[in-house]
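> Fold the following.
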Amino acid sequence: MIATGARNLITDVPGLLVGNAQDHEIRSGVSVVTAAAPFVASVHVMGGAPGTRETDLLAPDKSVSQIDALVLSGGSAFGLDACSGVMQALFNQGRGLAVGAARVPIVPGAILFDLLNGGLKGWPENPYRALGADAFHAAAETFELGSHGAGTGAMAAMTKGGLGSASLVLPDGTTVGALVAANPVGSVTTPDDAHFWAAPFEQNREFGGHGPCPDAGLGWPGPSRKSAAMAGGAAQGANTTIAIVATDAPLTKAECHRVSVAAHDGIGRAIVPAHTPHDGDIVFALATGTHATPPDVNAIGHAASLCLARAIARGVYNASARAGDLLPTWHELNPGNG
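I've put the predicted structure just below:
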């Protein structure tokens, strides 16, 4: 039998912790995944406008075998500085790759564009280094979804975006989870604004239980509210869905890469259209290796894609309204229909 983990969060993978930090004045934030011990990770990029740090190091043929944390951040290129805040926090704890007498924390990350979402962006100093450190120090087994962390200022085509997470436990006991900040060009909801493209994969009414849209047709979305609200900015790189999938299976770096590739199917199942030239869609895959059963990489990759699709819908479903929002939340469009 396959079921969600106890929390239905990526932290159902034993040992993983997630921390969020956000600044509602600038309408942006940071999410960090870490653990007490380093873990194996790789990555795959399918969007045409990515913003990343240390991703080349995650290729299977590169020398570093384990990392200390992964960062998802708003702020476009400014947000990459969140990794520096996490790196410093890890260094202060004596953690990192040993290079002789030196310690170098390895902290890859990815960013989404939320600079045109109505927040105050005229900061005198880049705020993301401090937000990264705050998110790292907030890391715990439970965390908030929706308008928190890297999902604080996210927007999909028709609604506010958000931070989402989901998990599955496979029949052999392997746990798989996903964390995502959904800020895509495409729509997470069908043209009626009430149903989710990810509905066929929903578990336990986790995003309302409304089922598939009976009138979704060929999956053609309506005109983008996001593009109109941003005066066309949604079609000029002001987007991106950034995600982390995780498992406790003992995967190699190459196997993590294959899982990250497979997990992108979850973006395609939950967002229409996906992987556009104006998105920077990226999925990290990590493995803690604490589950002793020999891994079924096919099953883990498929489970990761299902978790990611569900996490995207959960991020939008849990988004909360704030004064000055450029787009409505799902609940504002569907009052009394939660």
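> Distance check, the closest residue in space to Gln66 that isn't next to it in sequence against Cys83.
Sequence neighbours aside, Pro38 is the residue nearest to Gln66 in space, at 3.7 Å (criterion: C-beta to C-beta, 6 or more residues apart in numbering). Bear in mind the C-beta positions are built from the backbone N, C-alpha and C, glycine included. For Pro38, the distance to Cys83 equals 16 Å [C-beta to C-beta, to the nearest Å].
> Looking at those two, which one has more neighbours?
Cys83 (28 against 19; other C-beta atoms under 10 Å).
> buried stuff in the helix or strand harbouring that one?
Of the helices and strands defined by DSSP states H and E, Cys83 is found in helix 82-92. Buried residues in helix 82-92, counting neighbours by 16 or more other C-beta atoms under 10 Å, are found at Ala82, Cys83, Ser84, Gly85, Val86, Met87, Gln88, Ala89, Leu90, Phe91.
> low-scoring stretches of the stretch 201-338 of the chain, by residue?
218, 231-237 (pLDDT under 70).
> Spell out, range by range, the strands that occur in it.
Chain-ordered strands for the stretch 201-338 of the chain, with DSSP state E, counting those that start in this stretch as the definition, fall at 241-247, 282-287.
> between the shortest one and strand 241-247, how many degrees?
Pointing back at strand 282-287 there. In this structure, strand 282-287 runs at an angle of 10 degrees to strand 241-247, with axes from the mean of the first three to the mean of the last three C-alpha atoms, to 10 degrees as the basis.
> re the thing from before, helices or strands next to the helix holding Cys83 in the packing?
Where contact means 3 or more C-beta pairs under 8 Å, 6 or more residues apart in numbering; DSSP states H and E, helix 82-92 is packed against strand 28-45, strand 67-73, strand 109-111, helix 128-137.
> Ala102 is nearest to which of the strands of the stretch 201-338 of the chain?
strand 282-287 (24.1 Å; C-beta to C-beta).
> Go ahead and name everything in contact with that closest one.
Under the criterion C-beta atoms under 8 Å, 6 or more residues apart in numbering, residues 33, 39-47, 50, 52, 55, 58, 67, 70, 108, 110, 240-251, 255-257, 259-260, 263-264, 267, 304, 308 lie in contact with strand 282-287.
> Kindly recompute the last result at 6 Å.
39-45, 50, 70, 110, 242-247, 249, 251, 256, 259-260, 263-264 (C-beta atoms under 6 Å, 6 or more residues apart in numbering).
> Then stretch 76-96?
With contacts defined as C-beta under 6 Å, 6+ apart, stretch 76-96 is touched by 30, 32, 51, 53, 68-69, 71, 73, 103-105, 107, 109, 111, 113, 115, 126, 128-129, 131-133, 136.
> Buried ones among those residues?
Buried residues within the contacts of stretch 76-96, counting neighbours by 16+ other C-beta under 10 Å: 30, 32, 51, 53, 68-69, 71, 73, 105, 107, 109, 111, 113, 115, 126, 128-129, 131-133, 136.
> what's the longest helix in the protein?
Scanning the chain for the helix with the most residues, using DSSP state H, yields helix 297-317.
> tell me what that helix is packed against?
The helices and strands touching helix 297-317, judged by 3 or more C-beta pairs under 6 Å, 6 or more residues apart in numbering; DSSP states H and E, are strand 162-169, strand 175-182, strand 241-247, helix 253-270.
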